[in-house]
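> Quick check, what structure comes out for this input:
(one chain, ligands or ions: 1)
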Amino acid sequence: MAARQGVIARYAARLPITPATPRITLFEGETPSIPAPRLCAEMGLGSLHLKFEGLNPTGSFKDRGMVVAVARALEDGSAALVCASTGNTSASAAAYGARFGLRTLVVIPSGRISVGKLVQAQVHGAEILAIDGNFDVALSAVRSLAAELPVTLVNSVNPHRIEGQKTAAFEIVDDLGDAPEVVAIPVGNAGNITAYWRGFREYFAEGLCSRLPRMIGAQAAGAAPLVRGRPVADPDTVATAIRIGNPASWQGAIDARDQSEGAILAVDDADILVAQRDLAMVEGVFCEPASAASLAVLRAAVRDRLVAPGTAALCVLTGNGLKDLAVASEGLRAPVLVASDAASIAAALGLR
Ligand code: F0G
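Residues are numbered from 1 along each chain as shown. From the prediction side, this is the model:
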């Protein structure tokens, strides 16, 4: 295995960078596609891999696009990064802003992002404002702000974000030797499904994979504008990362769905939480709730015969489980308090 390079150095020729673009990195990308044999057997699939984006430097896929957006911001002499966020974009922007010397300004929906993500942005020194409104309102506000001021908007409406994120599709093909037949992926603001579809198409056009995957998008039932066919004014879900009612990359998601002959389906919060627990208990991979929506939607698609037995499938796990411990810890048994001698511990474990 070659030494780690980061997204820009590894895929420079396929990214919108110029000779003047600084080759920055926090060693994002190069995440594993982990085999998931037991869930594969449960669903009767031919193969199942988990693209674990929780292993990126700030714990989510956002770093792939952020590094490209920040490199271009530096090249353009920008003074600051600005974003609205359900948490992960702001954590990523704050880390790259800190490392590469840019102010980072963040607008979040008050009380609706996980503590872990908020603390990430805070420890990296971002300047954070909360609004009494949801992500869609926050995004619209920062879009107006960035149109008027010399700051760089680093939400996925910044085209360099999508370009960086498409490298995840390249890595899947590079690692597995071909594209999967089905890719299941959570959909919030819809930048990531747009990016994956672009990445697969670019590799396919160059003959680097023999097929294109069907893209199966997952929206939370309470925040499913793409499934309903119209914006949702008051989106709600336990998966706060995808609590979005009017996705900016709406058309990109529809194109990915239709061109790939895929689907975008709604999954219940309860099924998302079961999927999160199963991934952790059965495959040893701990992802955040929004990420687990990809397994929940794949299960639904298999059950409804949208995905046939024997299919080669992959779930994109977009963020690390440590991001949102409040949700993950609900319903867990607290450790049993015992005396500190071996006999007491063995007895409590039923070992003698
Ligand atoms: N999974 C996670 C963990 C996310 O943080 C997000 C989006 C998504 C999936 C959906 O990706 O928006 O490209 O469709 N989080 C954004 C944020 C909105 O602000 O961190 P998408």
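> Name all residues that make contact with residue 196.
165-166, 168-169, 183, 185, 215, 256, 316 (Cβ atoms under 8 Å, 6 or more residues apart in numbering). Placement of C-beta: from N, CA and C, glycine included.
> what about burial for those, which qualify?
Among the contacts of residue 196, those buried by neighbour count (16 or more other Cβ atoms under 10 Å) are 165-166, 168-169, 183, 185, 215, 256, 316.
> can you put those residues in TSV and add secondary structure?
Listed next are the buried ones among the contacts of residue 196 as TSV, based on DSSP: H, G, I helix; E, B strand; the rest coil:
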residue	secondary structure
165	helix
166	coil
168	helix
169	helix
183	strand
185	strand
215	strand
256	helix
316	strand
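> Helices of the stretch 201-350 of the chain, residue ranges please.
Ranges of helices in the stretch 201-350 of the chain, per DSSP state H, counting those that start in this stretch, are 225-228, 250-259, 269-283, 289-303, 325-328, 342-348.
> Buried residues, stretch 186-205. List them.
Under the neighbour-count criterion of 16+ other Cβ under 10 Å, stretch 186-205 has 186-201, 203-204 buried.
> Endpoint to endpoint, stretch 258-274 covers what distance?
29 Å (Cα to Cα, to the nearest Å).
> one step back: would you tell me which one of the helices of the stretch 201-350 of the chain is buried the most?
helix 289-303 (a mean of 27; mean count of other Cβ atoms under 10 Å).
> which parts of the stretch 101-250 of the chain sit against the ligand?
Contacts of the stretch 101-250 of the chain with the ligand, taken as Cβ under 6 Å from any ligand atom, map to 156, 186-192, 241-242.
> want to try JSON lines for the residues you listed, with secondary structure as columns?
Shown next, in JSON lines, are those (three-state DSSP):
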{"residue": "156", "secondary structure": "coil"}
{"residue": "186", "secondary structure": "strand"}
{"residue": "187", "secondary structure": "coil"}
{"residue": "188", "secondary structure": "coil"}
{"residue": "189", "secondary structure": "coil"}
{"residue": "190", "secondary structure": "coil"}
{"residue": "191", "secondary structure": "helix"}
{"residue": "192", "secondary structure": "helix"}
{"residue": "241", "secondary structure": "helix"}
{"residue": "242", "secondary structure": "helix"}
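> just the residues you listed now: which is nearest residue 333?
For those, the minimum distance to residue 333 (Cβ to Cβ) is 26.3 Å, reached by residue 241.
> quick one: contacts for residue 221?
Residues in contact with residue 221 (Cβ under 8 Å, 6+ apart) are 237, 266-269.
> Can you flag which of these belong to strands?
Among the contacts of residue 221, the residues falling in strands (DSSP state E) are 266-267.
> Name the nearest of the contacts of residue 221 relative to residue 114.
residue 237 (12.7 Å).
> and the closest one, what does it touch?
220-223, 243, 269, 272.
> What ranges does the stretch 51-200 of the chain have for its strands?
With strands called from DSSP state E, counting those that start in this stretch, the stretch 51-200 of the chain shows them at 80-84, 103-109, 127-131, 152-153, 182-186.
> Need the winner for burial among those strands.
Among those, strand 182-186 has the highest mean neighbour count (mean count of other Cβ under 10 Å), at a mean of 29.
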